[in-house]
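S.K.: Got a predicted structure here, sequence first:
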Amino acid sequence: MINLFKSWLKNSLISLLLVILFLGISTAGWTPSSSAALPAGNAITDGNALLRNALPIDNKQVRQLQASLEDISTQLRANRRWGAISSDLSKALRILDNPSKLLASIPAERQPQAQALITELKSDITAMQEVAEAKDKEQIRQQRANVLNLVGELEALMIKGFPFKVPAEYSNLAQLKGRATVEIKTNKGPITIVVDGYSAPVTSGNFVDLVQRGFYNGLEFTRSEESYVLQIGDPPGKEVGFIDPKTGKYRAIPLEVLVEGDKEPTYGITLEDAGRYTDMPVLPFSAFGALAMARPESDVNGGSSQIFFFLFEAELTPAGRNLLDGRYAVFGYVTEGKKVLDQLKAGDKIESAKVIQGIENLVEPQVYES
């Protein structure tokens, strides 16, 4: 088993202090839970929202639509500000009442589907206004989740091809040119994961390929009582990763992190070592159920089959900063079954894992003769 957490935590705390010193920030009075020296605002802790934000699209109107609906969650936490919620819903409807700018980013062949989604969104948001007037908190929360799923479908229609080319040295590895949904059945219940090839095509492709091979079926989770991660993927025997039966070799996966504003991921180096201390990954560790590739502490390109779920600890994920971001590659989030995930302990098992959507986006690994 790759010893992921303990050595990482020690080194990360040291590195964080170095970052603070590098930025010229005083450490006087600083504690891990303090907001000193951190950006204002709250980190996004919803994996679904992070996945929507990660889509490679450029349409201001749909992002404004998304933001107005996501803001409802903030208002619900702030003593149920129903006036602000009604304002958010009205803003969303104004955007949908003038759909030309939304449709401008959607190819002609997808326009009928987009128009149907817009019609459905208008109907559902109008219904939400009635619920807001009745001040039904649980109902508005459920309806918000449903309409945001529709917004995500509308945003997906705006994607025009895969946004970048994987470097040649990794082109022989499996790649996910899009997204895939994986259902994992454990002895405690089911978990659904969405993996994002738009942000991490090699890491996601490797995972989906292994799921297709049945690699994770029957494997046990590991989790220490003090750890905030749940890890799996160590095969039986002396090996710590996947041995490709066609080549007989260990399949090594490079560290792969897409930073906000970059056109393609950074490979083979942590953001810290690249001097990008304050840059934020598109897929951060700020959400419960973030899924990432484990690796040896000393080898950024030594990952293979071992993965881990981040179970979230507020002191490790302050707003705008994260001790894990840039050190390990997040490639997806748990979207259903979070309660099951939280219950899993060492010795629990994956009974089966199956790709239920997006398998057509998998590019199989290539085998070249040496």
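M.R.: Good, I have the coordinates.
S.K.: so where do the helices sit in the stretch 251-370 of the chain?
M.R.: Ranges of helices within the stretch 251-370 of the chain are 338-343, based on DSSP state H, counting those that start in this stretch.
S.K.: ditto for the stretch 1-150 of the chain
M.R.: With DSSP H, counting those that start in this stretch as the criterion, the stretch 1-150 of the chain has helices spanning 5-22, 47-54, 60-77, 82-97, 100-103, 111-134, 137-156.
S.K.: Could you tell me the least trusted of those?
M.R.: Ranked by mean pLDDT, the helices of the stretch 1-150 of the chain end with helix 5-22 at the bottom, a mean of 40.
S.K.: Mind putting the helices of the stretch 1-150 of the chain into CSV with distance to P284?
M.R.: Backbone N, C-alpha and C define where each C-beta goes, glycine included. Output for the helices of the stretch 1-150 of the chain, formatted as CSV (distance: least, C-beta to C-beta, whole Å):
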stretch, distance to P284
helix 5-22, 15
helix 47-54, 7
helix 60-77, 16
helix 82-97, 24
helix 100-103, 27
helix 111-134, 28
helix 137-156, 18
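S.K.: Please produce JSON lines containing the ones you listed, extended by distance to K345 and mean neighbour count.
M.R.: Shown next, in JSON lines, are the helices of the stretch 1-150 of the chain (distance: least, C-beta to C-beta, whole Å; neighbours: other C-beta atoms under 10 Å):
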{"stretch": "helix 5-22", "distance to K345": "15", "mean neighbour count": "14"}
{"stretch": "helix 47-54", "distance to K345": "22", "mean neighbour count": "21"}
{"stretch": "helix 60-77", "distance to K345": "30", "mean neighbour count": "18"}
{"stretch": "helix 82-97", "distance to K345": "39", "mean neighbour count": "17"}
{"stretch": "helix 100-103", "distance to K345": "46", "mean neighbour count": "16"}
{"stretch": "helix 111-134", "distance to K345": "39", "mean neighbour count": "16"}
{"stretch": "helix 137-156", "distance to K345": "28", "mean neighbour count": "17"}
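S.K.: where does this protein have low pLDDT?
M.R.: Applying pLDDT under 70 to the chain flags residues 1-42, 79-80, 224-226, 313-322, 367-370.
S.K.: okay, now the domains of it?
M.R.: According to automatic domain parsing, the chain comprises the domains 57-156, 168-363.
S.K.: quick one: the longest one to chain centroid distance?
M.R.: Spelled out, it's domain 168-363. 10 Å (C-alpha atoms, centre = their mean, to the nearest Å).
S.K.: Number the chain from 274, please
M.R.: With 274 as the first residue, the last one maps to domain 441-636.
S.K.: show me what contacts V475?
M.R.: By C-beta atoms under 8 Å, 6 or more residues apart in numbering, V475 lies in contact with 439, 443, 446-448, 526-527, 529.
S.K.: give me that answer again for 10 Å
M.R.: 439-440, 443-444, 446-449, 526-529, 538, 540, 566, 576, 602, 604, 638 (C-beta atoms under 10 Å, 6 or more residues apart in numbering).
S.K.: can I assume it sits in a helix?
M.R.: Yes - under DSSP: H, G, I helix; E, B strand; the rest coil, V475 falls within a helix.
S.K.: Quick one: residues contacting the closest residue to Y523 other than its chain neighbours.
M.R.: Computed as C-beta to C-beta, 6 or more residues apart in numbering, the closest residue to Y523 that is not its neighbour in sequence is G514, at 5.5 Å. Applying C-beta under 10 Å, 6+ apart to G514 gives the contacts 275, 506-508, 523-526, 567-569, 575-579.
S.K.: could you flag which of the residues you listed are buried?
M.R.: Buried subset of these (neighbour count, 16 or more other C-beta atoms under 10 Å): 275, 506-508, 524-526, 567-569, 575-579.
S.K.: ok, of those residues, which one's closest to P474?
M.R.: Nearest to P474 among the buried ones among the contacts of G514, counting by C-beta to C-beta, is I526 at 11.2 Å.
S.K.: what's the spacing between the residue positioned nearest the centre of the chain and L449?
M.R.: Taking C-alpha atoms, centre = their mean, the centroid of the chain lies closest to G605, which sits 3.7 Å from it. Distance of G605 to L449, given as C-beta to C-beta, to the nearest Å: 10 Å.
S.K.: which residues do these two both contact?
M.R.: Common neighbours of G605 and L449 (C-beta under 10 Å, 6+ apart) are 468-470, 473, 476-477, 480-481.
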